[in-house]
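Visitor: My questions are about this predicted structure, shown below with the sequence.
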Amino acid sequence: MNHKKTARKTGFKKKLPVFMLLLLLTAVLWAGQTPAKDTKALSLNKSKITLIRGNTYKLKASGGPAGKKIKWKSTNPSVAKVNGSGKITARNSGTAVITVSRGKKKDTCRVKVIAASLNTKKVTLSPYDTCSLKVKNTSQKVTWSSSNPGVASVNKNGKVTAQKAGKATITAKIGQSTLKCAVTVKADRWSRLLTKYQKQESVRQLVFVKYTGGSRAQVLLYQKKNGSWKRLLSCTGYVGYNGIGKKKEGDGKTPTGTFNLTASFGIKSNPGAKTDYVKVNSSLYWCGDSRYYNQLVDIRKHPHSCSGEHLIDYVPHYNYGMFTDYNKNNVYGKGSAIFLHCTGSNPYTAGCIAVSQKNMLKIIRAAQPGAKICIYKK
């Protein structure tokens with residue numbers, strides 16, 4: 001018997017089970033290693049957006065199978081078009097769904113397009129002027145902001161207030177879109193007057209008479225609060241039938257310039273004036289004679305046949321009013337009796353400034369000693 005051969009066969013038989021076991025184990029391990037799958041979801045940064053027609057917005061996608069191309073599609077390109085990088089262009093009012101896909105993963109974003117617009121795209125103001133911006137064709141929430149609040153500020157309702165000369169952009173944000181209005185603030189005569197008297201403690205009210213032509217004017221009342229001017233009133237007013245200019249007696253003009261409002265007066269009782277109040281009676285005249293020219297005269301104290309205005313006869317004009325210190329040196333013939341008073345039946349005066357009785361009362365109740373009236377062309 002060949003013992004060596006028998007031994008080799010026996011060793012082979014012993015090694016075979018070990019080899020088979022290793023082979024089987026390798027097969028099992030290999031079978032368990034299936035190709036890796038990327039299970040991470042594909043997602044967009046927005047699930048729904050609102051755009052104003054003409055605006056754009058870029059969606060951002062993240063996740064999905066690595067190595068796969070990202071594709072974009074719109075259900076309604078005529079409303080919202082999307083390009084290969086996710087940039088949406090709002091084209092017409094309506095809705096569309098934007099779908100992003102990467103391999104078998106998908107996500108969507110609902111797009112609403114509205115035709116909103118501002119009532120104006122640009123405006124020029126003077127310091128302390130205001131204007132209201134409004135967004136048309138939307139009921140959605142609008143958020144307002146200013147690029148330069150020191151020049152033009154805006155409140156939550158779109159009211160713009162000019163602060164000082166310069167430029168600013170007012171932005172209305174609706175959803176993911178914006179509307180813009182360019183604001184230019186230019187200094188003018190009126191803003192310079194406000195600046196001039198801003199630091200003068202004795203001047204707390206300014207009445208502006210902005211002559212607009214004919215016998216018409218815009219009358220504004222400003223009051224100083226915490227060192228800043230606030231407009232309390234803006235209304236229609238009337239001046240002399242020959243407009244404004246250098247004044248002389250009987251010319252039908254209202255004098256141009258800045259004058260003090262010295263006291264309040266009226267045929268009716270004191271309505272709550274902060275200045276001295278003269279209750280008109282039958283003895284009071286505003287004299288046109290050379291001796292007492294352009295002065296308030298009580299004929300009980302200065303008996304004479306006065307040729308001036310018998311104040312109590314001027315109803316409703318002098319129901320309420322304020323005296324000015326125009327021609328305070330009482331130069332005869334230079335003009336007299338220049339008052340701020342109530343309107344009558346005519347849309348003009350003989351040289352005074354007239355506003356409605358309602359607005360005259362507002363001015364009287366606000367005006368304090370030191371108040372001034374400024375009369376110039378607008």
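Guide: Arrived safely, thanks for sending.

Visitor: Which of the residues in stretch 163-183 are classified as buried?
Guide: 163, 166, 168-170, 172, 174-177, 179, 181, 183 (16 or more other CB atoms under 10 Å). The C-beta positions use only the backbone N, C-alpha and C, and glycine is treated the same way.

Visitor: of these, closest to T50?
Guide: G175 (2.8 Å; CB to CB).

Visitor: burial of the nearest residue to that closest one once chain neighbours are set aside, as a residue count?
Guide: If the residues on either side of it in the chain are set aside, G175 comes closest to T50, at 2.8 Å by CB to CB, 6 or more residues apart in numbering. When counting by other CB atoms under 10 Å, one arrives at 21 neighbours for T50.

Visitor: now N327
Guide: Close neighbours of N327, defined as other CB under 10 Å, add up to 21.

Visitor: Could you chop this structure up by domain?
Guide: 43-114, 117-185, 189-377 (automatic domain parsing).

Visitor: hang on, the earlier thing: and the average pLDDT for the host helix or strand of the residue nearest to G175 is what?
Guide: According to DSSP states H and E, T50 maps onto strand 48-52. Averaged across strand 48-52, the pLDDT comes to 94.

Visitor: Could you export it as PDB, CA atoms only?
Guide: Extracted in PDB, the C-alpha atoms of strand 48-52 (Å, rounded to 0.1, in the frame of the first residue of the first chain):
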ATOM      1  CA  LYS A  48     -45.400  78.200  -2.200                       C
ATOM      2  CA  ILE A  49     -44.600  81.800  -3.300                       C
ATOM      3  CA  THR A  50     -46.400  84.900  -4.500                       C
ATOM      4  CA  LEU A  51     -44.900  86.900  -7.400                       C
ATOM      5  CA  ILE A  52     -45.800  90.200  -9.000                       C
END
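
Visitor: any idea of the mean pLDDT for the next helix or strand after that strand?
Guide: Reading on from strand 48-52 to the C-terminus, the next helix or strand found by DSSP H and E is strand 56-58. The predicted model gives strand 56-58 an average pLDDT of 96.

Visitor: Also stretch 107-125?
Guide: 96.

Visitor: next one: it to chain centre, how far?
Guide: 17 Å (CA atoms, centre = their mean, to the nearest Å).

Visitor: Just the endpoints, please. Distance across that stretch?
Guide: 48 Å (CA to CA, to the nearest Å).

Visitor: re the thing from before, residues in contact with the residue nearest to G175?
Guide: Residues near T50 by CB atoms under 8 Å, 6 or more residues apart in numbering: V111, K112, V113, I114, Q140, I174, G175, Q176, S177.

Visitor: Does K358 lie in a helix or a strand, and which?
Guide: Applying DSSP H and E as the criterion places K358 in helix 357-366.

Visitor: Which positions in that helix come out as buried?
Guide: Q357, N359, M360, L361, K362, I363, I364, A366.

Visitor: Could you do stretch 294-306 as well?
Guide: Of the residues in stretch 294-306, those buried (16+ other CB under 10 Å) are N294, Q295, L296, V297, I299, C306.

Visitor: Quick one: mean pLDDT for that stretch?
Guide: For stretch 294-306, the mean pLDDT works out to 95.

Visitor: can you dump the C-alpha coordinates of it into CSV?
Guide: Taking Å, rounded to 0.1, in the frame of the first residue of the first chain, the C-alpha atoms of stretch 294-306 are listed here in CSV:
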residue,chain,number,x,y,z
ASN,A,294,-53.3,150.5,10.7
GLN,A,295,-54.2,150.3,14.4
LEU,A,296,-57.0,148.9,16.5
VAL,A,297,-58.9,151.8,18.0
ASP,A,298,-61.6,151.9,20.6
ILE,A,299,-63.6,155.1,19.8
ARG,A,300,-64.7,155.4,23.4
LYS,A,301,-61.1,156.0,24.3
HIS,A,302,-60.2,157.9,21.1
PRO,A,303,-63.4,159.6,19.9
HIS,A,304,-63.3,160.5,16.3
SER,A,305,-65.1,159.7,13.0
CYS,A,306,-63.0,156.7,12.1
